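Colleague: what shape does this take:
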Amino acid sequence: MTESRSAQELFQAAYENRYTWEPNFPGYTATVEFKYGDRVLSGNVVVKANLSAEVTGIDDEEARKAILGQLQEVAIHRVRRSFADTHGKNTFRYGETDATGAVEILMGGKSEGDRYKLRNNEVCHVHRHIHGIVVTIDTFSSHDTGAGYLSHRYDSVYADPTTGEIKSGKIVFEDKYQKVGNYQIISQRIIQSVEDGQPVTTEFNFSNIELLADRVEAAAVAV
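Modeller: The predicted structure follows:
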């Protein structure tokens, strides 16, 4: 019982060390450049205070959906939820400690079968069952924002939960962030994957990032 509580405390500390946006996050606008192979498209994006996102100025539907998907994925991970709300129905116990010193946490309860690894008060490995698929994520580098950590370079693999069959090849991500006001906003995401046996690089660059509150204030002053 003591071990279970200790595993929970360790996991909770790492969970609460993630960088998240404050509840009064105002949203932001940015210019986006989308690169896929030889294609380069530019447009504009807005992520609203409720974390919904919009992409304008890009007619290519596949490109628009790709940009929108990345914005939503980033925003979901910035949502601040209490540990109790997210993991209140889970139990925690220690697994093994690997050669790097990463401590394995095995989940029970609602998230039975999921497992994580923690190193330096950060989650460096995730193995989760999500919507009938197993996703495994390994993080190789991160940076401390002063208000929690953000992953910089990591990869993901999707597999069948029953057979273990790999559903997609390894996808490698590299993210960069820019501090705008009091918020860390993604400024670049590079994704490396394999399609039809060929390596593919997809790049999302965000510039001219402006908080929505600043835009509203500037417009009021102009009037």
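Colleague: list the contacts for residue 168?
Modeller: Residue 168 sits next to 157, 158, 193 when contact means C-beta atoms under 8 Å, 6 or more residues apart in numbering. In this view, the C-beta of every residue, glycine as well, is placed from N, C-alpha and C.
Colleague: mind listing the helices in the protein by residue range?
Modeller: 2-15, 61-78, 83-87, 212-222 (DSSP state H).
Colleague: wait, residue 111 touches residue 92, no?
Modeller: No: shown here, residue 111 and residue 92 do not form a contact pair, counting by C-beta atoms under 8 Å, at 9.5 Å.
Colleague: higher neighbour count, these two?
Modeller: For residue 111 versus residue 92, the count of surrounding residues by other C-beta atoms under 10 Å is larger for residue 92: 22 against 18.
Colleague: what pLDDT does that one get?
Modeller: Note for residue 92: predicted pLDDT of 96.
Colleague: mind listing what it touches?
Modeller: Counting by C-beta under 8 Å, 6+ apart, residue 92 has contacts 4, 7, 8, 11, 105, 106, 107, 108.
Colleague: mean confidence score for stretch 8-15?
Modeller: Rounded mean pLDDT across stretch 8-15 is 96.
Colleague: all numbers from here: first residue = 44
Modeller: Sure thing, new numbering starts at 44, so read that last one as stretch 51-58.
Colleague: that older thread, which one of the contacts of residue 135 sits closest to residue 215?
Modeller: residue 148 (24.4 Å; C-beta to C-beta).
Colleague: distance of the closest one from residue 126?
Modeller: Between residue 148 and residue 126 the distance, using C-beta to C-beta, to the nearest Å, works out to 13 Å.
Colleague: more crowded one of the two?
Modeller: Each of residue 148 and residue 126 has its neighbours counted (other C-beta under 10 Å); residue 148 has more, 21 against 14.
Colleague: who touches both of residue 148 and residue 126?
Modeller: What both residue 148 and residue 126 touch, as defined by C-beta under 8 Å, 6+ apart, is an empty set.
Colleague: hey, which helix or strand in this structure has the poorest pLDDT?
Modeller: When the helices and strands of the chain are scored by mean pLDDT, DSSP states H and E, helix 255-265 comes last with a mean of 57.
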